[in-house]
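Asker: return a 3D structure for these sequence lines:
(chains A and B)
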Amino acid sequence: DGGITQSPKYLFRKEGQNVTLSCEQNLNHDAMYWYRQDPGQGLRLIYYSQIVNDFQKGDIAEGYSVSREKKESFPLTVTSAQKNPTAFYLCASSIHRGLDTDTQYFGPGTRLTVL
Amino acid sequence: KQEVTQIPAALSVPEGENLVLNCSFTDSAIYNLQWFRQDPGKGLTSLLLIQSSQREQTSGRLNASLDKSSGRSTLYIAASQPGDSATYLCAVVPNAGGTSYGKLTFGQGTILTVHP
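Answerer: The predicted model follows:
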């Protein structure tokens, strides 16, 4: 089956800890994205990557970091500098980079809770 | 800065009704507009994508229209069913004077409940 997988589904973090959320896709998509969703709100873009070894900040990148060492993987690290990390995190991918007409396909999400 | 607003925030209808969800955006310079469905605690599923040059798109019981000049889109659902219950999100890809690399700006969503 082709698709986007995210793990874990639920994640609990103590204050002051860094945690890494996994996102993997086997769709052979060039572009990958990370979004954050808070209750009753739409999604906000954290980081995006159009090609391996390249990524750009989105609207709310502070306190987050990413890497793109492989085409199929785009992990997100939530650092201790992120003051309000409790949220639902969604990863997405699209087939082409630099083409704005492509549909984005989303993973099932990771719910992060800070204890 | 592009802002996307969805009205109503929540909607409850009896099964079988036709319904309309509304989406408005502040800047008409967009590449496309997309409608997504989100079930509770799940990811997003793409429903329809309308290019900036198009007026509408249809898929089954769903029809989405786009009026770029007025900054509005509507999602029409015909003959609603309990299985349509979900949150519906619209999102635009802003045209920032160059490629925006597919960066979506989302509305806050409309929570739809279709009761038997």
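Asker: ok, now which ones touch whatever residue of chain B ends up closest to chain A?
Answerer: When distances are taken as Cβ to the nearest Cβ, chain B reaches nearest to chain A at residue B:106, 3.2 Å away. For the C-beta atoms, the positions are set from N, CA and C on the backbone; glycine is no exception. Applying Cβ atoms under 8 Å, 6 or more residues apart in numbering or on different chains, one finds that residue B:106 lies in contact with A:42, A:43, A:44, B:4, B:89, B:90, B:91.
Asker: could you find the closest non-adjacent residue to it?
Answerer: residue A:42 (3.2 Å; Cβ to Cβ, 6 or more residues apart in numbering or on different chains).
Asker: number of nearby residues for residue 31?
Answerer: You didn't say which chain, so I picked chain A. Residues within reach of residue A:31, counting by other Cβ atoms under 10 Å in any protein chain shown, total 22.
Asker: wrong one, I was asking about chain B
Answerer: Going by other Cβ under 10 Å, the residues that sit close to residue B:31 add up to 20.
Asker: also the one 5 residues further on?
Answerer: The tally of other residues near residue B:36 (other Cβ under 10 Å) stands at 26.
Asker: all strands of chain B, in order?
Answerer: For chain B, the strands defined by DSSP state E occupy B:4-7, B:10-14, B:19-25, B:30-38, B:44-51, B:56-59, B:62-67, B:72-77, B:86-94, B:105-106, B:110-115.
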